[in-house]
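[1] This is the structure alone, sequence omitted:
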């Protein structure tokens, strides 16, 4: 804590990847500014520390995601961020921190899935071709380290050499060390408990633990899920932004199998999540990731999530992996807005800015968000338009028929991914019908309105069982 009055040109609330990246971009742009980044050093429940940190865009493509204008806008953000990563990594290297880079991604379709995976894989191939991105469909036997069991063997694979990954913990550490050595930047190991708004309606700073006040006329909220409490307590903002929920995800760090994995191996998005993925980290591998949208943040993995990851990765990726050591697990809370889209930009409170709601894209988008927010914070117009401006009604795009169909097919993917089998004739159709009826009941409270993303279906089900309203506003 610096001595004297706690006055800063800019306050950044949140010391995850987005907050640190914004501070780095500000320091690169304006060395004369005083900046404080507020957040607990331990980062409990932070999305960044549990992330696989894949920098690609095309492995995340889904048919439904590209079927709406807003979905295509989000994909355009990812593509734009991808072009910034080489220069961003160079900037980190010039400050003495060269990150390890995993080159290339194999996207796989295997036997333990439903038809949603086939559909998304075909869409990935079409988008790669449409955008002129170099890729190559390969035989599963040519995928380094892929040694799945016979019943889970892959039958389609595409290699995208320009879809890379980094180590999220290494990235956070590099940003933290750079900022610690940067004059004018303070990393404050504390928690912001409230926003301070003056009588004129403009932001005047924040309050941290023990009631200490920090003064600033420019505040950036980049605390992921933690932004929601601060927004709710700020009267001018309460109820004017889509609510932010915790997309709880768990991951595993394990030792490399005997036949080493040298590239990212992943499936398309399925089972209400980002697909099974393995990211090599030297002598170890990252295995991820589960996804459950929740009202509450979690900081420790549940046994069922770790069991699910192990039950998936051993048969689908590497059967010999069963003998590898498990070094650690991690749980992070991805910030997901009630409409599934990011919240980026200024607000109706003068001097207050927000960068959150990035869900699974926070690390991948960080160079773009950092440069955009840095420009806004110093009085510029930013790099982006206002498609995902924070002050808005939820941008729900799903119809009830689309939601029912997508949810039922994702449930079926979960069913098959867990190794379940059905009698041969007619039972899959029956199971789909039963699941569709269940999904319609979950969304019943919304009537004929546009609906929240299917990522919320487990939360809606939990609320129904507890007798709580399904409304996410």
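    Received, thanks. All values derive from a computational prediction rather than experimental measurement. Residues are numbered from 1 along each chain as shown.

[2] Check the protein for its longest helix and report it.
    When the chain is parsed with DSSP state H, its longest helix is helix 69-94.

[3] can you give me how far it is from the chain middle?
    14 Å (Cα atoms, centre = their mean, to the nearest Å).

[4] before we move on, what about stretch 410-421?
    24 Å.

[5] Please apply the same query to stretch 398-408.
    Centroid separation for stretch 398-408 versus its chain: 22 Å, with Cα atoms, centre = their mean.

[6] again, but for stretch 25-37
    The chain centroid and the centroid of stretch 25-37 are separated by 26 Å under Cα atoms, centre = their mean.

[7] Tell me which residue lies nearest the centroid of the chain.
    The C-alpha lying nearest the average C-alpha coordinate of the chain belongs to residue 360 (Cα atoms, centre = their mean; 1.5 Å).

[8] Now do the same contact list for that one.
    When contacts are counted by Cβ atoms under 8 Å, 6 or more residues apart in numbering, residue 360 touches 60, 247, 274, 291, 334. Using the backbone N, CA and C atoms, a C-beta is placed for each residue, glycine as well.

[9] make it 10 Å
    Contact analysis of residue 360 by Cβ atoms under 10 Å, 6 or more residues apart in numbering lists 47, 51-52, 54, 60, 247, 249, 269, 273-274, 289, 291, 334, 336, 455.

[10] any idea of the pLDDT on it?
    What the model reports for residue 360 is a pLDDT of 93.

[11] And the residue nearest to residue 340 when sequence neighbours are not counted, its phi and psi?
    Nearest non-adjacent residue to residue 340, counting by Cβ to Cβ, 6 or more residues apart in numbering: residue 453, 3.9 Å away. Dihedral pair for residue 453: phi -60, psi 160, per degrees, to the nearest 10.

[12] Which positions in stretch 71-91 come out as buried?
    Neighbour counts using 16 or more other Cβ atoms under 10 Å place 71, 74-75, 77-78, 80-82, 84-85, 88-89, 91 of stretch 71-91 among the buried residues.

[13] Am I right that residue 168 is in contact with residue 289?
    No. Counting by Cβ atoms under 10 Å, residue 168 does not reach residue 289; the two are 11.3 Å apart.

[14] any residues in contact with both of these two?
    Common neighbours of residue 168 and residue 289, counting by Cβ under 10 Å, 6+ apart, are 50-52, 251, 330, 332.

[15] Mark which of the contacts of residue 360 are part of strands, please.
    The strands, defined by DSSP state E, take in 247, 249, 334, 336 from the contacts of residue 360.

[16] with these in mind, which one is nearest to residue 298?
    Using Cβ to Cβ, residue 249 is the member of these that sits closest to residue 298, with 9.6 Å.

[17] Tell me, please, where in the chain the pLDDT is lower than the cut-off.
    1-5, 448 (pLDDT under 70).

[18] Show me the helices in it, by range?
    For the chain, the helices defined by DSSP H cover 17-29, 69-94, 115-130, 168-180, 227-233, 303-316, 362-377, 400-417, 427-442, 457-466.

[19] Check the offset of the third one from the chain's centre.
    The chain centroid and the centroid of helix 115-130 are separated by 21 Å, computed with Cα atoms, centre = their mean.

[20] list the buried ones in that helix?
    Judged by neighbour count (16+ other Cβ under 10 Å), helix 115-130 contains these buried residues: 116-117, 119-121, 123-125, 128.

[21] I'd like these as a markdown table, with distance to residue 445 appended.
    Putting the buried residues of helix 115-130 into a markdown table (distance: Cβ to Cβ, whole Å) gives the following:
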| residue | distance to residue 445 |
| --- | --- |
| 116 | 25 |
| 117 | 30 |
| 119 | 29 |
| 120 | 29 |
| 121 | 34 |
| 123 | 31 |
| 124 | 34 |
| 125 | 38 |
| 128 | 39 |
